[in-house]
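Participant: Just need the structure, nothing else, for what follows:
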Amino acid sequence: MRDAASFPLAQRLRAPGGAPLGDVFSFLSGLYFRGKMAYVRAFAGPPAGLPGALVITPTRGLVPPESHITLELLREFAEEGDVALDNPRYRRPLEEHARALDGAAGPGTCYVLLGSIASDKYVDVLTRIYGERLLFPTDFVGRGDMSRGGLMLRAAKDGPELEYAPVLGAVRKGKRPPKLEPRRWKDST
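Facilitator: Numbering: from 1, shown residues only. Coordinates of the predicted model:
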């Protein structure tokens, strides 16, 4: 966000056309969001005409990761976007977009939440709309952000797709599983 930042993503974010939301969030969130993006590219199977992924944003509801955002919008997210159930700037657009998506996708469509399931900030809003059709990877239970990111990167690279279960009625908090084995992602040659 600094004017002096000269790397390509910062320059694109400051340009009139902005930068892709997925690229910006991957930069800000590191491994976790990169894992989400890789996983979606590998396994998304949306209904015809709908995006394979949507990002929950602090003030704009559900936004495709390829949508461009500007520095001004990123500042809006930071300054006005408290991701909390009692914040109407967060909750209302998310509810509106989730309902519209459900109407466009049709009855019986399931949705996979790759965000945190341990807190209600996403789960409360989305389960009220999608009910038992809101699923999550069961291997997420007990894992922190970085571990979930690593898990998704591994699944995207090597398979298989993670197992899903409905969020409603699921154990969402649990004992921390063993750490993932360290892995070399780049060829050493």
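
Participant: May I see the buried residues of the strand or helix carrying Val123?
Facilitator: Per DSSP states H and E, Val123 falls inside helix 120-130. Counting neighbours by 16 or more other CB atoms under 10 Å, one finds that the buried residues in helix 120-130 are 121-123, 125-127, 129-130. Backbone N, C-alpha and C define where each C-beta goes, glycine included.

Participant: Who are the packing partners of the longest helix along the chain?
Facilitator: Looking across the chain with DSSP state H, the single longest helix is helix 88-105. Contact analysis of helix 88-105 by 3 or more CB pairs under 8 Å, 6 or more residues apart in numbering; DSSP states H and E lists strand 62-63, helix 120-130 as its packing neighbours.

Participant: ranking the ones you listed by mean pLDDT, which is last?
Facilitator: Lowest mean pLDDT of the helices and strands packed on helix 88-105: helix 120-130, a mean of 95.

Participant: residues in contact with it?
Facilitator: By CB atoms under 8 Å, 6 or more residues apart in numbering, the residues outside helix 120-130 that reach it are 56, 83-85, 91, 94-95, 98-99, 102, 110-111, 113, 115-117, 134, 167-168, 172.

Participant: which SSE is Tyr39 in?
Facilitator: Element membership for Tyr39, per DSSP H and E: helix 31-43.

Participant: Could you do Pro177 as well?
Facilitator: Per DSSP H and E, there is no helix or strand for Pro177.

Participant: That one reaches Thr138, doesn't it?
Facilitator: No: using CB atoms under 8 Å, Pro177 is not in contact with Thr138, being 10.8 Å away.

Participant: any low-confidence regions in the chain?
Facilitator: Low-confidence segments of the chain, defined by pLDDT under 70: 185-189.

Participant: just the strands in it please.
Facilitator: In the chain, the strands defined using DSSP state E lie at 19-20, 55-56, 62-63, 68-69, 111-112, 134-137, 164-166.

Participant: May I see these arranged in TSV, with distance to Arg184 as well?
Facilitator: Output for these, formatted as TSV (distance: least, CB to CB, whole Å):
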stretch	distance to Arg184
strand 19-20	28
strand 55-56	29
strand 62-63	33
strand 68-69	33
strand 111-112	28
strand 134-137	24
strand 164-166	29
